[in-house]
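Asks: Sequence first, predicted model second:
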Amino acid sequence: MNEAWWARHRQFIAEAHSRPEALIGPRESGHRMLLSQAVRLVLKSGVFEGSPRVVLKVSPHQYVFRGNAGPLRRTVERHFTWRAKLILYEDWMAQNRVIVEACDRLLDQEESKTIPAWMQYLGGATGPTLYSPIWPLVLATRHFFGIRTHSGTWCQGFHNGLPVSSPENRDTYGATSFVVAAELDPQVFLGLPFTPEDVAVLNRDSRIAATFVDSDTLVSEESVTRPHYASWFDEVSDQSTGAIQSL
């Protein structure tokens, strides 16, 4: 990432802040959209192997979302060139276009039955796209993102939309397939704070174990830096309830 890249990315962040609706939709509900898109990606899209569950902690302006399943399916994983990529802003969006274009080609050829289910879902008009739970976080105060592949778990942390390090591939940790931790800016996400009622709605799905905490202590400034990456995968889950035992 050279100086020209940094200049372009800072300009992109400035433009995103001038028109946040383009990324988050209605600003009064954009914070809830981030959670619902992550839930849809993990529980409904079929891009991860295994039987997925979600463990979620939410505070007034922060959340930690964990999707517990297997790694990305190999048919999804092979669409990505993981090394030396800024995984949030470059690879995810570009490769989702590849998926959509592949869907379009097959549909044009009247071969829709040959499209894998995951591709039909991610290439559809209603999404979620591969990047929909994380792309709007360019507007977050800070966030961390990790996704598990067959070769390890790719991680990256950000402050105000800017990466604090290059993507890092770590050894696979436990059952965590997908993790997003974020502190949202109430001047952008006008519907904040999250409430216990938001959590209650999510818990209607038996595959989700969500809890609400009163104070914003889930995502500190240091927690999204490289020395703390492993901590996002250290918790042990109670398999009977999905509850986080440590965080």
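Replies: In hand now; what should we look at? Numbers count the residues shown, from 1 in each chain.

Asks: Can you verify my assumption that A69 contacts P52?
Replies: Yes. Using C-beta atoms under 8 Å, A69 is in contact with P52, at 3.7 Å. The C-beta positions use only the backbone N, C-alpha and C, and glycine is treated the same way.

Asks: shared neighbours of the two, anything?
Replies: Overlap of the contact sets of A69 and P52 (by C-beta atoms under 8 Å, 6 or more residues apart in numbering) consists of V42, S177.

Asks: does R27 count as helix, strand or coil?
Replies: What DSSP: H, G, I helix; E, B strand; the rest coil gives for R27 is coil.

Asks: Surely it and F189 touch.
Replies: Yes. Counting by C-beta under 8 Å, R27 touches F189, with 6.6 Å between them.

Asks: Looking at the two, which one has more neighbours?
Replies: Shown here are R27 and F189; by other C-beta atoms under 10 Å, F189 has more neighbours (24 against 15).

Asks: List the buried residues in stretch 174-184.
Replies: Neighbour-count burial for stretch 174-184 flags A175, T176, S177, F178, V179, V180, A181, A182, E183, L184 (criterion: 16 or more other C-beta atoms under 10 Å).

Asks: Name the spans of the protein whose pLDDT lies under the cut-off.
Replies: By pLDDT under 70, the weakly predicted segments of the chain are 1, 79-131, 172-173, 234-247.

Asks: Strands of that one, residue ranges please.
Replies: Ranges of strands in the chain, per DSSP state E, are 53-58, 62-68, 142-149, 152-159, 162-163, 168-170, 176-183, 208-212.

Asks: Show residues contacting the fourth one.
Replies: This means strand 152-159. Outside strand 152-159, the residues within contact range by C-beta under 8 Å, 6+ apart are 82, 86-88, 137-138, 140-148, 163-173, 176, 221, 224-226, 229, 232-233.

Asks: Quick check: the gap between L218 and L41.
Replies: 20 Å (C-beta to C-beta, to the nearest Å).

Asks: what's the answer for P186, then?
Replies: Using C-beta to C-beta, P186 is found at 25 Å from L41.

Asks: So those two - more neighbours on which side?
Replies: Higher neighbour count among P186 and L41: L41, with 27 against 13, using other C-beta under 10 Å.

Asks: correct me, but that one touches S177?
Replies: No. Shown here, L41 and S177 do not form a contact pair, counting by C-beta under 8 Å, at 10.1 Å.

Asks: got any residues that touch both of those two?
Replies: Common neighbours of L41 and S177, counting by C-beta under 8 Å, 6+ apart, are G67.

Asks: Just put the buried residues of stretch 174-184 in TSV and tack on distance to A4.
Replies: Shown next, in TSV, are the buried residues of stretch 174-184 (distance: C-beta to C-beta, whole Å):
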residue	distance to A4
A175	40
T176	35
S177	34
F178	31
V179	31
V180	29
A181	30
A182	28
E183	29
L184	29
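
Asks: just these now: which is nearest E21?
Replies: Taking C-beta to C-beta as the measure, E21 sits nearest to L184 out of the buried residues of stretch 174-184, at 15.1 Å.

Asks: Would you check that that closest one makes contact with L192?
Replies: Yes. Applying C-beta under 8 Å, one finds L184 in contact with L192, separated by 6.1 Å.

Asks: shared neighbours, the two?
Replies: Overlap between the contact sets of L184 and L192, as judged by C-beta under 8 Å, 6+ apart, is given by H31, H61.

Asks: residues touching S215, list them.
Replies: By C-beta under 8 Å, 6+ apart, the residues touching S215 are S59, P60.

Asks: swap in V213?
Replies: Listed by C-beta under 8 Å, 6+ apart, the contact set of V213 reads K57, V58, S59.
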